[in-house]
Structures are given as structure tokens and as C-alpha cells.
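Asker: sequence first, predicted model second:
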Amino acid sequence: MATFALSAPLPERSALVEGPEFQKIVQNCKLLTEKILLSIPETHKSCIKTETLQLNSTDNAQFEIMRSSLGIPSAPHIKALSENISLEDGLRQLYEGLQTYRALLSSLKNYPWLANKDKVTELMADVRDLAIQIKEMLKIVQPQGSPHPTKPSAPLNLPADYEFQVAAHLTLVDLQSYIQDLVRFLRTLDRSTEVETES
């Protein structure tokens, strides 16, 4: 996972970040991340029937060897803001990562071994809504810019139910970690805690 320095945003963007419109979006994102993190365990439970596939298990590393054969991409990393990583770059990487997970969930939803599609559909919608909020931040920071188009993901290779469950498991484990990193990133942009401290 990325290492985050909880410092102020880069000086040239600080006025935009501190503006009420941007801060409202930050709060919307915080609510959505909380919702997603609560939804992931329920979604995992609805998809995964194999007892050895546990969401927060220390044994998860043993399934990494299957990742490439199943077509699951490596989890994207969120880089902290720095002199080399601008606010635009940071927001763009958040957006592209969320689009990657939305595409993976969409692919999984179409497999016949998923008996209950409702939880996956709901999770996809929350990931989409979070991506939309991140895109709105990008519009404020760089009105003329737009996120790069997400590269189409390679088709998943899931010939049977067990492979499907491992793929769903890896996707949800990765998504949980990604959202936790995204929460840390949002803290570097959130000014509400500063206001509470001052008051």
C-alpha cells in the first residue's frame, strides 16, 4: 500500500482545495468510502462459499499465484501527493483505479456462478458514484482537463466455479485495500478536521 504524508496540498492548488465546493465533494467521497467499506464484507459473503477464502485472512497471499492465470490485474497503488505527484495526477489515479474495479465487478457479475447479483450491483453503483465525485474534483482543479480513458481490461479466465470464487475474492480484497488507501488520500484534502480543531 502507498505511504501517505498527511501534509497540506501543493501551494498552487491550496485555494481550490479549501473552497466550499471542493470540500463538499470531499465529504461526499468520505460518505461513499464508508458505505463501500461496509458493503465489501457483505458482498464477499454473498459471492464466496469456499471457507478458505476469507476477506481479512493472513492466508490470502497464497492465492496471488493464481492472479495472472485468472486475468486479475495487480492492485493499483495510490501515490501520495508530493513535488513529483500533483493534485491532478493524484485525483486522476484515483479515478482510473475506481474505473478498473468497476470493470472487474461488471465482468464478475456476468458469470453464471454468481447466484445473487444484487450485492455486486449495489457495490458497482457505489464505486461508480465515488468515481463521479472524484471526476468532479478534477473538473475544479483542472477545468480544461479530463481523466485519461481507462484501458480495457483483459477478459477474465474463469472456467469453473472455484476460479470464479478466487477471482471475486482477489477483486474484493484488492478493492478493500484500495478504498482504505483512498480514505488516507482524502484526509490530505479534508479541511473539516482543521475547522473542528480550531473551534
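Answerer: Thanks, I have it.
Asker: residue 16: neighbour count?
Answerer: Summarising burial for residue 16: neighbours were counted as other CB atoms under 10 Å, giving 15. (Glycine included, C-beta is placed from N, CA and C.)
Asker: tell me who's in contact with it.
Answerer: Listed by CB atoms under 8 Å, 6 or more residues apart in numbering, the contact partners of residue 16 are 22, 140-141.
Asker: that one: which element?
Answerer: Using DSSP states H and E, residue 16 maps to helix 14-18.
Asker: so where do the helices sit in the protein?
Answerer: Shown for the chain, the helices assigned by DSSP state H span residues 14-18, 20-47, 67-70, 87-109, 118-141, 161-187, 192-198.
Asker: let me have these in CSV, adding mean pLDDT and distance to residue 55 as columns.
Answerer: Putting the helices of the chain into CSV (pLDDT from 0 to 100; distance: least, CB to CB, whole Å) gives the following:
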stretch, mean pLDDT, distance to residue 55
helix 14-18, 78, 33
helix 20-47, 96, 5
helix 67-70, 92, 16
helix 87-109, 93, 15
helix 118-141, 95, 13
helix 161-187, 95, 6
helix 192-198, 57, 29
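Asker: among the contacts of residue 16, which ones are buried?
Answerer: 22, 141 (16 or more other CB atoms under 10 Å).
Asker: any idea which of the contacts of residue 16 is closest to residue 39?
Answerer: Lowest distance from residue 39 to these (CB to CB) belongs to residue 22, with 25.7 Å.
Asker: tabulate the helices of the chain (CSV), appending distance to residue 77.
Answerer: Supplementary listing: the helices of the chain in CSV, determined by distance: least, CB to CB, whole Å:
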stretch, distance to residue 77
helix 14-18, 22
helix 20-47, 17
helix 67-70, 15
helix 87-109, 8
helix 118-141, 16
helix 161-187, 8
helix 192-198, 25
